[in-house]
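Asks: Got a sequence here, can you build the structure:
(chains A, B, C and D)
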2 protein chains.
Amino acid sequence: MAGKQEGVRRAQADRRARTRSALLEAAARGLSRYGYANLVLERVAAEAGYTRGALYHLFANKEDLALAVVKWVEETWDAEVGHLVAEQTDPVDALLALARGHAVYCRRDVADVMMTLRVEFAGQDHPVGRAITDIVDRLEADCARLIAAGRGSGAIPPGPPPTVMASAYLGVVEAVGIQLAGHAPHDVELADRAVRGVLGLPPVTAGTFPPP
Amino acid sequence: MAGKQEGVRRAQADRRARTRSALLEAAARGLSRYGYANLVLERVAAEAGYTRGALYHLFANKEDLALAVVKWVEETWDAEVGHLVAEQTDPVDALLALARGHAVYCRRDVADVMMTLRVEFAGQDHPVGRAITDIVDRLEADCARLIAAGRGSGAIPPGPPPTVMASAYLGVVEAVGIQLAGHAPHDVELADRAVRGVLGLPPVTAGTFPPP
DNA sequence: CGACCTACATACATGCATGTATGTAAGTTA
DNA sequence: TAACTTACATACATGCATGTATGTAGGTCG
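Replies: Sure, this is the predicted structure:
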């Protein structure tokens, strides 16, 4: 196990990883634009600079590719938005941080992959659809807990049950993020506004937004 | 032009209209579940009690069928939600009436046809996608005017430009309508809350919702 | 440097959904 | 009731995208 051995092994592994990343990124863009059914693998490969042969060498099939994209998007989202939420101690602060963080996350062009696929596979029984609903369901449960906690402390006024609130909360967060992608800084402000509205919190008074 | 002539003519026309409606309704349900690309015309026809032959006799092709569905949904939406908005004189009341009316409209199962197709054709150049964006763009312009009017009268506090606000407003209305379909009466309440939040209006104090 | 493996391209086979052409029964008008 | 049209079903043809099988060049290791 000399240094050169690992070096060359990393060389081949790096080559593989680079092409994989290129294909993954092209697939993510393609999925967000065309969805799953209309995604043509030859275009994906061509956009990444390869052919379908490379794609089928690195991914078992179209479904496997889409699942890999979903996993990749989930990981980048967690890395960028998840920690913003985790470092908040107050549940309301956490919910507001998630909304604002997601709005910022949505400024990149692959952000609406999840939404596109979720809509396409809604009501179906497809592995890709299940992968997405699993993620969303976990997130929704987390948000429901945060809302329940906020209710318990009195920070969130009474209203519909926390699970229903969480569903509405995530819906508006997603909608604002997608509708206002590329409209900084209004994306963050309106995500904040919409979430406060759903939670029943009073609006921030003029001049105090955005907070430092 | 005796009564009998018109009678029999109405008989054949009625037959045609009934099968057309059955196919249209089946197509609407199919589109909202599977989207356009995954919609199989044989299933649509079978669900309506016919075969593809009937479908191709009444519609030129798949695209024509989808366009007819879009038109039909638009008309039912106008009939059910549009007049609620039109009879409001105050712009803020109109915006709130639209949000609440749309939430009620979304309780039927074909309500998310527009959203499904809009997502599927986003960024494409397809006639069906254009038909939808045309409708949404008109609605968005109307809402932007209402928001500008509310700003002018001071009823809506300052914030992002009306066009951006309208985009966020409609996104939120759509999201809540879809997420909370079948969760009456929370759907209406949360649509109201979300819209008030986006517009920067204070929440309704506890106990006063819903208004008569 | 010769044997082997990996990364990728090219070529082929399959399936599925659309669209079209044809057939048939029911309805309409003289 | 006979000529004609409409409403629909059945059968056929086409295209396109996936998946697989095969080929080849470059890297890897003895």
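Asks: How about A:Ala144: what's its closest non-neighbour residue?
Replies: Residue nearest to A:Ala144 in three dimensions, not counting chain neighbours: A:Ala166, with 3.9 Å by Cβ to Cβ, 6 or more residues apart in numbering or on different chains. In short, each C-beta sits where N, CA and C put it, glycine included.
Asks: Can you name the next helix or strand after the helix or strand the one you found falls within?
Replies: In the assignment (DSSP states H and E), A:Ala166 maps to helix A:162-179. Per DSSP H and E, the first helix or strand lying C-terminal to helix A:162-179 is helix A:186-199.
Asks: same for that next one, what does it pack against?
Replies: When contacts are defined as 3 or more Cβ pairs under 8 Å, 6 or more residues apart in numbering or on different chains; DSSP states H and E, helix A:186-199 packs onto helix A:91-105, helix A:162-179, helix B:162-179, helix B:186-199.
Asks: longest single helix anywhere in chain A?
Replies: helix A:3-34 (DSSP state H).
Asks: How far does stretch A:54-69 sit from its chain's centre?
Replies: With Cα atoms, centre = their mean, to the nearest Å as the basis, stretch A:54-69 stands 20 Å off its chain's centre.
Asks: and what of stretch A:166-182?
Replies: The mean C-alpha position of stretch A:166-182 is separated from the chain mean by 11 Å, Cα atoms, centre = their mean.
Asks: One more: stretch A:82-91?
Replies: 17 Å.
Asks: List the buried residues in the helix or strand hosting A:Val119.
Replies: Assigned by DSSP H and E, A:Val119 belongs to helix A:113-121. Neighbour-count burial for helix A:113-121 flags A:Val113, A:Met114, A:Met115, A:Thr116, A:Leu117, A:Arg118, A:Val119, A:Glu120, A:Phe121 (criterion: 16 or more other Cβ atoms under 10 Å in any protein chain shown).
Asks: A:Pro202: neighbour count?
Replies: By the measure other Cβ atoms under 10 Å in any protein chain shown, the count of residues near A:Pro202 is 12.
Asks: typed the wrong thing, it's A:Ala103
Replies: Neighbours of A:Ala103 (other Cβ under 10 Å): 29.
Asks: Report pLDDT for it.
Replies: On pLDDT, A:Ala103 comes in at 97.
Asks: A:Leu65 too?
Replies: 97.
Asks: Skipping adjacent residues, who's closest to it in space?
Replies: Closest residue in space to A:Leu65, ignoring its immediate chain neighbours: A:Phe59 at 4.3 Å, by Cβ to Cβ, 6+ apart.
Asks: contacting residues for A:Asn38?
Replies: B:Ala37, B:Glu120 (Cβ atoms under 8 Å, 6 or more residues apart in numbering or on different chains).
Asks: if you set the cut-off to 6 Å instead, what comes out?
Replies: B:Ala37 (Cβ atoms under 6 Å, 6 or more residues apart in numbering or on different chains).
Asks: do the one 10 residues further on as well
Replies: Contacts were defined as Cβ under 6 Å, 6+ apart; by that measure A:Ala48 touches A:Ala22, A:Leu23, A:Ala26.
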